[in-house]
Structure formats: C-alpha cells, structure tokens
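my questions are about this predicted structure, shown below with the sequence.
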2 protein chains.
Amino acid sequence: MLEPEGRRRVVIEGVSPAIDGGRFPIKRVCGEEVIVEADAFCDGHDALGCVLRYRHQGAVGWDEVPMESLGNDRWRGVFTVSHIGVYHYTIMGWADRFTSWCRGLAKKVEAGQNVGIDLLIGAELVQHASMRASGAAAQQLRAWTAMLQDDRRALEERVDVALDEALRAVMQDHPDRALATTYSPELTVVVDRQKARFSAWYEMFPRSCAPFPGQHGTFKDCEARLPYVAAMGFDVVYLPPIHPIGATHRKGRNNATVASPDDPGSPWGIGSPQGGHKAIHPQLGTPEDFRRFLAKAREYGIDIALDIAFQCSPDHPYVSQHPEWFRQRPDGTVQYAENPPKQYQDIYPLEFETDHWQALWEELKSVVVFWVEQGVRIFRVDNPHTKPFRFWEWLIREVKQVYPDVLFLAEAFTRPKVMYNLAKRGFTQSYTYFAWRNSKEEIIGYFTSLTHTEVREFFRPNLWPNTPDILTEYLQLGGRPAFMTRLVLAATLGASYGIYGPAFELCENHPREPGSEEYLNSEKYEIKEWDIARPDSLKDFIARVNRIRRENPALHRDWCLRFHAVSNDQLLCYSKHAEDHGEAILVVVNLDPHHTQSGWVELSAEALDVPREGHYQVHDLLSDSRYLWHGPRNFVELNPSVVPAHIFRVRRRVRTERDFEYYL
Amino acid sequence: MLEPEGRRRVVIEGVSPAIDGGRFPIKRVCGEEVIVEADAFCDGHDALGCVLRYRHQGAVGWDEVPMESLGNDRWRGVFTVSHIGVYHYTIMGWADRFTSWCRGLAKKVEAGQNVGIDLLIGAELVQHASMRASGAAAQQLRAWTAMLQDDRRALEERVDVALDEALRAVMQDHPDRALATTYSPELTVVVDRQKARFSAWYEMFPRSCAPFPGQHGTFKDCEARLPYVAAMGFDVVYLPPIHPIGATHRKGRNNATVASPDDPGSPWGIGSPQGGHKAIHPQLGTPEDFRRFLAKAREYGIDIALDIAFQCSPDHPYVSQHPEWFRQRPDGTVQYAENPPKQYQDIYPLEFETDHWQALWEELKSVVVFWVEQGVRIFRVDNPHTKPFRFWEWLIREVKQVYPDVLFLAEAFTRPKVMYNLAKRGFTQSYTYFAWRNSKEEIIGYFTSLTHTEVREFFRPNLWPNTPDILTEYLQLGGRPAFMTRLVLAATLGASYGIYGPAFELCENHPREPGSEEYLNSEKYEIKEWDIARPDSLKDFIARVNRIRRENPALHRDWCLRFHAVSNDQLLCYSKHAEDHGEAILVVVNLDPHHTQSGWVELSAEALDVPREGHYQVHDLLSDSRYLWHGPRNFVELNPSVVPAHIFRVRRRVRTERDFEYYL
C-alpha cells in the first residue's frame, strides 16, 4: 500500500505550545501573543518555506505569518489573538525551489561557472509562479520570465534580474505549495476576556451581610456592601451557593451532626421543597433582587461569581423526580456522600455512572445556562474533581460555545495531575497549593513550576491565602503581619488572587481546635456578624495593594515572574515586568511574621535590566518611600509589625544633565 | 452533542515511552523489556484498576500485566518482547469499585460503624462478578454472595468473608471493565534480532581483496578474506556498492574530474549498460559467486551488509528506460547532482517529486527485496537524508513486514533533527557524530544525550572512528595510539560500532591535503593493495577488544553507560553493567595520544556498586593485569605508546575466610 501523499517532503514536528500533542487547547486573553515554535525540515538541500496559520473559529479562511528560522531546524512565528472564543493554528512548510535556486545561482556565479541553463531553470519557476498569480503580479512575473530566457541579453544582466529583491518579493507572495505539508492535528487556543488572567476575588456569605445582628442577610444587603468591596479594589465577588438549603440531616454550628431548629445550615446542602440549583434561598430575596444586585455590581466593575456545587441535599427536588440520577442502596435508601469512615448524610452525590447520564449532563448544563441567562458570567466550581473529567470538558465547551465570556474557576485541592487535567479540560482558572507554600524554597519551587513550564499554557493560578475551609497555621499563628504578608504574596505572585472576607481583613485566626485548619464557629454553618469598620481592619492596606496591582501592568501577568537571590532565607524577592521588558515591579517580602529581617538582595541582570554600575531609583508603592539603589546588590530590612513587604516600582533610568534640554 | 463515552471516568495520559505521542514506534531486540509508565487517575475517591496490554502483530488477543502504582498518580508495568516483528501496547484503566468498597468497609469496621448495608452493597458487586465469571469461579462467587447477604450470620463473620484474600483474588480476575478507558493511540514497538543492538562492522572494498597487486578483487577473494575478518571478531561485513559502475563523467583517482581509461571509478556511480541496482559489477563475479560468499560468511556468523545508494550514473538503465524518474533540464539533459558550487556530473539523483513517484517507490523497494531474496539481511543506506522521509518509512515498513529480520543502517551525517527523524521512520541503526567527538566534555555530553534521553528509544548509534569519507584530524595527527584510543572508545561506548578497513587496522592516516578529512589516494576511486600482514597492524588488538565485547554482556547494551569523574581532563572513565546491575565493565581511556596521563578516578557509587570501604579487584582485560582497588577513589596512569586504555572487569566482591567451607 502506497502513502497517498508521498511527495510531501517537509517534516514538521516538535510543535510548541501543544498540550498533550494538541489534545487540549492552550489559553490566552485578548491581545496576547501566541509564540509558536516547530522543527521543520526537508530532505536534501532545498530551502524551506514555513508559515504559521491561524484563524478565529468564526473566520472562513486562514490568516498567516511567515515563520523565522532560529537555526538547528527550529522555526518561530507569532500571532496575536484579538477576539474571545476559539482560535485554531497550524504550520505549513514546503520545499522552496525558487529560494534554493537563487542561492545556488549566486554561488555558481561567484565560482565563475556558466549559468546559462540555470537561468532557464529559474525562468521555468518564475513562469509557473505567474500562472499562480493574477493581475499585475502575473504580468510582472511573465515579464521577468522573458528576461531570464532572453539569450540576447548579457548573462550578467539576466543574473541581476534573477537575484533582484523585487522578483524575490513577488515570488514569495506566490509560493508553490502544491506539495506542502500541513501540521496535523490543528491546535487550539481558547481566548478569554481580561479577567481570566487578571482578577481580584472577594468571597463573602450574603447571609452575613445584614446590617443588624441576628438578621439573615439579603441581596439588598449585599448591594449595600458593594461600595466597601469596591473600595478595597476587588473586581469579582464570589458567593457560596445561594439556593434553598435542605433540612434533612442538616449540619449544625461547627459541623455538628444534629442542627438546632435555628441553625441556617450549610449553603452547600443544596435543595429543599422550595427548589434546587435554579432556585434562590427565599431569605436572600427574589430572582429580581438577585438581578438587581448583579446590575449594581456591574456598575462597580464587579462580576458576581456563583458557586456551582453539583450535589444535593436529601430534600432536593431531583431526589424524588430523578431517582435514576442517584445511587440506590440495597435497603432502598439513597447513597449519601462518604469518605470512610466519614459520612455526610446531608449530601447525596449525583451518580455519573447512571444509565441516564446523558439526561443528567443536559440538566446540569441547563443549571449553568440558567444563571448565565440571569447575567452571571463567572462560576466557581465546587470540588470538580469528584465529577468526571469528560463531563467538565463537555459542559465548559458547550457553555462557552454560546457564551464565550463565561469563566470557570476550579475549586480542586487535590493531587497535582488531577488539578492540571481539570485545567486542560477547560477551567479558566484554578485554585492552587499557595495556602500551604510558606517558606522561600517552597514558594520559589512551586511558582517556578507554575510560571516557567508548559503548565502555564493551560493552568491559570488563582491564589487564596484563606477560604472558609482553609485557615492555615501560618495565619493562625502569625497575627496581623502574617495576613499582610500572605496578602502581598497572593496579590503580587498571582495576577489572580482572592480572599475570603471579612474574615481575612479582620484577621480572624481562631481554629476550631489546635491542629485543625477549620475556622472556629465557621461561617459555613452559621450567620456571622462582621464588624467591618474595626480600626485594625486590613481594608485600607488591601485597597492600596489592589490599587498598585491595577496601576502596574507588570502585575497583570504571571509568566514574567522571576525570583532574585537574597542573603536571608526569611526574605523573598521577585520581580515582574510589563510586556517587552517594560516597567518592572520588584517585591521583597519578609516571610517571618515575628521578627525584623534584613539582608542583601542580588538582582538577576538577566531578569531585571538594572545598571550593573551606577544608581537608579526604587519607589516603594506601599510606603511611598524612594530609595537610591546602586548596581544589582542592595540592602533591605523589613519590620513585620510595620509593613512586612516592599512593592517597588523600579525606575531603571535616572535622569542626568544629559537629559536637560540645553545640554547638547 | 453529547460525548458517546461520557461514563468512562478514568483518564490516562503522559504515557512513556511514546515517540511524538505514539506517531513513531520505539525499538527493542528480542528478550528486552519495555517499561511503560503512565499517569492514570479517576474523579472522586475510587480505587483504580490499571493494566498494561500488549500483543505481537500476529497474535489475536491482548496479553496483559497489572501496572503498579508509583504514587502521584503514576503507574508502571513491564512486558518482555520475545519475537521479532511489531508489537503493540496500550493501557487500560477503570474505577475499581470492589477495591474501593473493601477499603471503605475496613475503615468503617475499624471506626465501629454498622456495616449491615455495606455488606449488601458488596454482595451486589460480588454477584455481578459471578455473572462475568464461569465455572468454578462463578460458583465460588455465588457462594460468597450468599454469605455476604446472609443476615443469620454474625456481622464479624461476614466482614471476614468480605475482606478475605481469596475473595479479593477471584474478584481481581473478574473486574468490571464495562466503563474502562483504553489509551489511544495504540503504541508500537519494532522488535529486531540481536544484531540490531550489538554488532561489530567491518567495511571493505571487495575490489581491493585480490591476492596479487594490480588485480581486481572478486567475491572469491572476499571469501578468502573472511577468516582474517572473523579472527578480528567482526560479525557484519559491509561492502560498498557491488553494481556495475558507469563510465560517463566517471571520477578518476583522488576524485579527479576526468578519469584515465584504467581508473575503476567510484562504486557509488551505479549503473552501466551491464545493469543497475540489481546487477553485479562483472569483475566482482557472478550472482552465484555472491551467494556463495554470503553462505560462507554465514558460517563465520558474519552478515554481509550491502550498500543502498539510490542514485544513478548517467549510464544507468533507468536513465533511458525511465526518464520520468529524473529531473529534466531545459536543454533536454538530465539534472545531475549539485551542491552549488559543487557539481557531480557523474551522478543523477532520482526525482522524488515526479508524478510517477509511486512507480519509482515500487521499483526501489523491489531493489531491496531483490537482494533480500539473495540472502542479504543488512543494508547500509547511503545518504538517506537526500530522499524523502516518508519514502523510507514506507520502504522499511514494507520490507520488514515480510522480512522482519532485515536491518537498515542510516548513513546520514547531517543535522541532528534530520538524523533523529530518519531513525524514527524506521532505520535500525544510525551513524553518529562520534568521529568528531574527541574531548572528554564532547564525549560525555554527546553520549549522555544518546543514552539517557528519549532518543535512545528510537536511535541506535553505530560508532565509526573512520569511513572512506572520514579520516579525522585526530587520526591524522595522533599516530597508532590515536587509532587504538578511538577503537576502544567506539567498541565500548557503543554496543554497535564499525571500522573501515584495512585502512583502520593499518593506521592509514594521510589526508588528501592538509585540512582535508579525505584520504589521500582514496579507495573510493582506485583499487588498493593492503598489506594486511604488516607487523604493526592493529588486528590483534582489535581481536582482543572484540573478544572482550563478546564475552561481557555489559558491552552489549548502550543504556547502562555511566561516566565517572577523573581528576585529569585527558582521562575519560565510564562503566557499563549487565542487566539487573550485573557484572560491570569499567573503561579508562587516555584521550591524549602523545603523552602519558595519570589521575584519580572517582567512581560514582550510584552507577557502580563498589564497596565504599574495603578492597575489590579490577581485572584489565586488555593487558590481563589485576589491580586491588580500595573504595571509590583510585589512581590510574596510561601510556599511549603502550596501551592507551584499561578495560576492567570489576569483581565487586572479593572472597574472604568467611567464604571458606569450614568457616562456620
């Protein structure tokens, strides 16, 4: 059996980026570049033509840009994505006989060989190109053909025609691609809006937003809380589930197995006779109140993110209407959630292995679409790693096909390959291990793996120093400085980060019991009254950090993160720069919340273009102090009880008399 | 549109080995292991079942072995290939509900929970397994089902049944794979005979084998030369092309453009009125002589390797019979080979872009098959990188499908990605850059990349210190010690190596001109008279090295190569060990052909299991001297004018009185 395409001589391989050989898309936001590299080569000595082709899903044909040879058979091309949605890209290569011929001709002429026949060979190539061209170009190519063939002209003159840049340019525009190789499979980019890459999240429980103690908060109260959140500079407000809460096996305060009659229950115990995943808990308000809240938030530039927790309380309407979506036990009861020996009788997981999985998938999709149609554009997905990977891939693709501006955050705190696979399947952003990375070595190792390996192509980290489930020992023991340190780290290591408030800004740090990472009197099981006006609140500090983030494009990106050496293991130093090695931000953090630490920073010249000799200014945007630094090595000292961090803007060039108007 | 297989919950990715995602096969020889690793995981907390499946191309169904969990969602399985030809392998994974259930049950029992319902759930799983089983197993499973369900029995007793190893074993044999995931694409191994991995090649020109000066050598003379070659220990004799040589534009001595009437021409100028690629140059003998020579060689365990040079002299019958297989020039002549400004008027390349490429491919395949049918089983392919990659992939696959014992050596000295791609397409062995890797740093870097990266899965190096085209400066300038050094390096760094003789063993080292790597009076253009009995010949040294190779399995493999530190940059030290950390060979080479060099070897304990304290014996198989070494650090000194290398067999255990029969 003979290969159908035996004459396609160019080989294209080793293409990057390509996740799992192109099985999964890479991710970008509008305006970002996709830098594509590939190995491309051909048998023999022929020159190669090589282009990068790309198109938005909606476009009819390909756009293309030439790829540049990097040597060692490696080629590079770049395109910019300008619209949200899906782009495809691929590479096309062909043996470029005209270029090969030009090179050979030049060498033969230099060696003094007779090139009469060669000129006729070239003429044939030009003539063939003229047949691929039209209009003026075709005419021009025919004229060149005649000149190359014209043996009444001097050879030198015909050689000049052959090697003329003008001919070369027109020939480049009409390459012979009849035997070109196109890389397969087509590769894919999912392009999101800016918030996919750069976002500051604030998680709050609507029911704790009431102005008066003992009251159940409402969406109206949430509206009243918006100015407070906006003043801190957050642009995503994430709400735990807002649906009716089940009563059967409801958990009491501090996760008690039996609830008292006045316990509100966990918002994640979704579903009651009042409705399921498409309904709103009546005490929060009406659908109209919710839409009003969404609209108000939009005025502040804030997206409301809803929680998608695909699980049911025993009282969820699905349980009676769709028993086929749950696993039945031999005694006729429904299988509740378990992680033996732990039992969660208040939660019925959905049975994704049901024969009726297709109806189940469709229903769950309709839940997301329902909220999208209410105006929600961001979802935080609860425990996605306990539902099938293929399900998420399908659901996210289906939703984004119609609503490409919808974003999904994966709340999976599990093994790394599982987290990465969820991201590959389509989650826009992902929770990380950040909460548990506290030492310098841990932070450098983890963030290098996130920002300087292939992982960055599909996994967008969203850094949370705390969540309602996670109060780390560092925060429990480090007091207010620990909260400041972790806030600065989250907000500057990550272009996207979030806090669970007001617990965070009020430095709430009491664990349920020693050794536990759960909050004492967790807001998951009760309504809290937060004194957000408390004078020791970190709200102004947070507002300042978020303003610094907004104003400095270097902090809108993750890939530019570079760590620098410091002579003290309690001090962490890193920089980020804006595109094209633009303005740089340099952060120094004291990781020790208890003691002043000092040391010598040694800036990597490769990462941060500061003068090797001579002075430059670093401007601490937190304290508004300015320092004159010299060369790569400079002294820093940070007292955590004042501010445990510097966030410097680096002015790499200091004006001198040479800049003065009359100097020259 | 809903995924058809939405319930297959297990994800399998990151499979290794898999060349370019499985696009190309890996390579093994009979008896070798294939160690397969993969990431496999499932949503939720279910245990995973994971097997490696493999089959020979001829087998009907899959064999399988369980994969073992390595932690971090990584799994490993191993199979051994026992027949030449093509094997396929893949991985199957499924959520193993029975194992999950057992684990949960044990934890619940430990926590003192009531497990009555759980036992019934387990009973269902066992019952379902009984339906998948047959015979005694089915009966046994039905009995277990009844016991698990039997509520007249004590719970403890039923739990004991549930957690019994016997039940577990039968359940393992009848897993529920209805929703299993099978990795796609199927991966491939090409399995060759032993010579693919371990071979010693000797290149010689048949026409220079005549016993009397001035005579043209014949196959009969080659036969007479066999004892000499066999005594040196070579097991492949490679002959330059044996076909009729063209007269038109024939090259003269030292590559002269014009040949004298008595110049024999280059064997690579293939084709004359006497025939083309399927014919034998009449002066060498008849087809019968050739077959006789093959048979004689076989008696010595020697394979005769033919040269496949797909190019034609202007006198080749193809030129007149198939003008469509050549590129025509505008003046009606055929395009000869060029690498401007160099011109090779004596060579017409085949035009693979011809419209008649399919007929051309078939004809070229028929050339290989023709010689295979004469009994040839190894081919050295000349300049494969000047013919399309797809062509080779097709040709090699087609030939090996019928004759899986045929081996192909790629003679491509070109850019690394091109060489690697040819190997991926199917070449059994490949020439390397060995000839130009002379310093310690170069050798360590190059051989680490060949033996400790993915490259080793598809690229089998064959190391040549010289060829008729390559007389390196190292050999030109280093005298006899340089030849000894390069021989030892080639023969011990590489499980496969070769020399071009008798030029090599006679230390022929005159370049055509200073700065050239071509031989003066190259055998390519004239018949040579070699005095193989010369007393300074290296033949006995070579025989000793080849015997050491044969007798020590450590030298039959490449992947086990490990370098060790030496305190002198002119000394190179490395080891190889037999399978399962068996017997080790340790080589120390003086890279300086002019001076005695000495230094301290520091053996890596990780690579070579020698006592950290205490003595052991190293036995130099070249000189038959024995040394008592102590710990990892030992002194060596090598005088190149005596022998520039040690090849030690390491006796890691030295007998003591404890081994004496009456000691205990």
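Arrived safely. Just so it is clear, the model here is predicted, and its values are computed rather than measured. Residues are numbered from 1 along each chain as shown, chains lettered A, B, ... in the order given.

tell me who's in contact with the residue lying closest to residue A:417 once chain neighbours are set aside.
Once flanking residues are discounted, residue A:417 sits nearest to residue B:73: 4.6 Å by Cβ to Cβ, 6 or more residues apart in numbering or on different chains. Using the backbone N, CA and C atoms, a C-beta is placed for each residue, glycine as well. By Cβ atoms under 8 Å, 6 or more residues apart in numbering or on different chains, the contact list for residue B:73 reads A:415, A:417-418, B:39-41.

residue A:5: which of those residues is nearest?
Nearest to residue A:5, judged by Cβ to Cβ, of the contacts of residue B:73 is residue B:39 at 33.5 Å.

ok, that closest one - how many residues close by?
Counted by other Cβ atoms under 10 Å in any protein chain shown, the residues lying close to residue B:39 total 21.

okay, now the closest residue to residue A:95 other than its chain neighbours: neighbour count?
The shortest distance from residue A:95 to any non-neighbouring residue, by Cβ to Cβ, 6+ apart, is to residue A:46 (4.1 Å). Neighbour count for residue A:46, taken as other Cβ under 10 Å: 18.

quick revisit: would a markdown table of the contacts of residue B:73 with distance to residue B:409, secondary structure and pLDDT be doable?
As requested, these are arranged in a markdown table below (distance: Cβ to Cβ, whole Å; DSSP: H, G, I helix; E, B strand; the rest coil; pLDDT from 0 to 100):
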| residue | distance to residue B:409 | secondary structure | pLDDT |
| --- | --- | --- | --- |
| A:415 | 45 | coil | 97 |
| A:417 | 40 | helix | 98 |
| A:418 | 45 | helix | 98 |
| B:39 | 36 | strand | 98 |
| B:40 | 38 | strand | 98 |
| B:41 | 42 | strand | 98 |
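
ok, the residue in the stretch 151-300 of chain A positioned nearest to chain B - how many residues close by?
Nearest to chain B, among the residues of the stretch 151-300 of chain A, is residue A:179, at 6.4 Å (Cβ to the nearest Cβ). Counted with other Cβ under 10 Å, residues neighbouring residue A:179 total 17.

go on, residue A:85?
Burial of residue A:85 is recorded as 17 neighbouring residues (other Cβ under 10 Å).

kindly report the same for residue A:44.
Neighbours of residue A:44 under the rule other Cβ under 10 Å: 16.

so what's it up against?
Listed by Cβ under 8 Å, 6+ apart, the contact set of residue A:44 reads A:9, A:95, B:385-387.

do the same with residue A:36
Applying Cβ under 8 Å, 6+ apart, we find residue A:36 in contact with A:15-17, A:52, A:67, A:76-79, A:89, A:91.

next one: residue A:513
Taking Cβ under 8 Å, 6+ apart, we find residue A:513 in contact with residue A:520.

which of the three states applies to it?
Secondary structure, DSSP: H, G, I helix; E, B strand; the rest coil: residue A:513 is coil.

state the distance from it to chain B.
19 Å (Cβ to the nearest Cβ, to the nearest Å).

now the phi/psi pair for that residue, please.
When read as degrees, to the nearest 10, the backbone of residue A:513 gives phi -160, psi 160.

chain B contacts on the stretch 251-400 of chain A?
A:329-331, A:333, A:338-341, A:343, A:352-353, A:357-358, A:361-362, A:385-391, A:393-394 (Cβ under 8 Å from any Cβ of the partner chain).

in strands, which of the residues you listed appear?
Among those, DSSP state E puts A:338-339, A:343 in strands.

ok, these vs residue A:190, which is closest?
For those, the nearest to residue A:190 is residue A:339 (32.9 Å; Cβ to Cβ).

that closest one: what's it in contact with?
For residue A:339, the contact set (Cβ under 8 Å, 6+ apart) comprises residue B:45.

and the residues of the stretch 251-400 of chain A next to chain B, which of them are buried?
By neighbour count, with 16 or more other Cβ atoms under 10 Å in any protein chain shown, these hold A:338, A:340, A:343, A:352, A:357, A:361, A:385-391, A:393-394 as buried.

just those residues now: which is nearest residue B:602?
Within these, the smallest distance to residue B:602 is 47.6 Å, found for residue A:385 (Cβ to Cβ).

next, the contact list for that closest one, please.
Applying Cβ under 8 Å, 6+ apart, the residues near residue A:385 are A:410, A:412, A:414, A:418-419, A:422, B:43-44.

which stretches of the stretch 51-200 of chain A form helices?
For the stretch 51-200 of chain A, the helices defined by DSSP state H, counting those that start in this stretch occupy A:97-110, A:116-132, A:135-149, A:155-162, A:165-173.

neighbour-wise, give me the winner out of the contacts of residue A:385.
The contacts of residue A:385, ranked by neighbours (other Cβ under 10 Å): first place residue A:410, 29 neighbours.

contacts only, for that residue.
Counting by Cβ under 8 Å, 6+ apart, residue A:410 has contacts A:381, A:384-385, A:419, A:422-423, A:427, A:429-431.

can you give the distance from the helix or strand hosting it to the centre of its chain?
Per DSSP states H and E: residue A:410 is located in strand A:407-411. For strand A:407-411, the separation from the chain centroid amounts to 11 Å (computed by Cα atoms, centre = their mean, to the nearest Å).

what pairs with that strand, parallel or antiparallel?
Applying DSSP bridges to the sheet, strand A:407-411 is found paired with strand A:378-382 (parallel), strand A:429-431 (parallel).

among the contacts of residue B:73, which one lies nearest to residue B:536?
Using Cβ to Cβ, residue B:39 is the member of the contacts of residue B:73 that lies nearest residue B:536, at 59.0 Å.

so that closest one bridges to which residues?
Beta bridges link residue B:39 to residue B:13, residue B:74 when assigned by DSSP bridges.

quick check: it touching residue B:70?
No. Residue B:39 is beyond contact range of residue B:70, at 10.0 Å (criterion: Cβ atoms under 8 Å).
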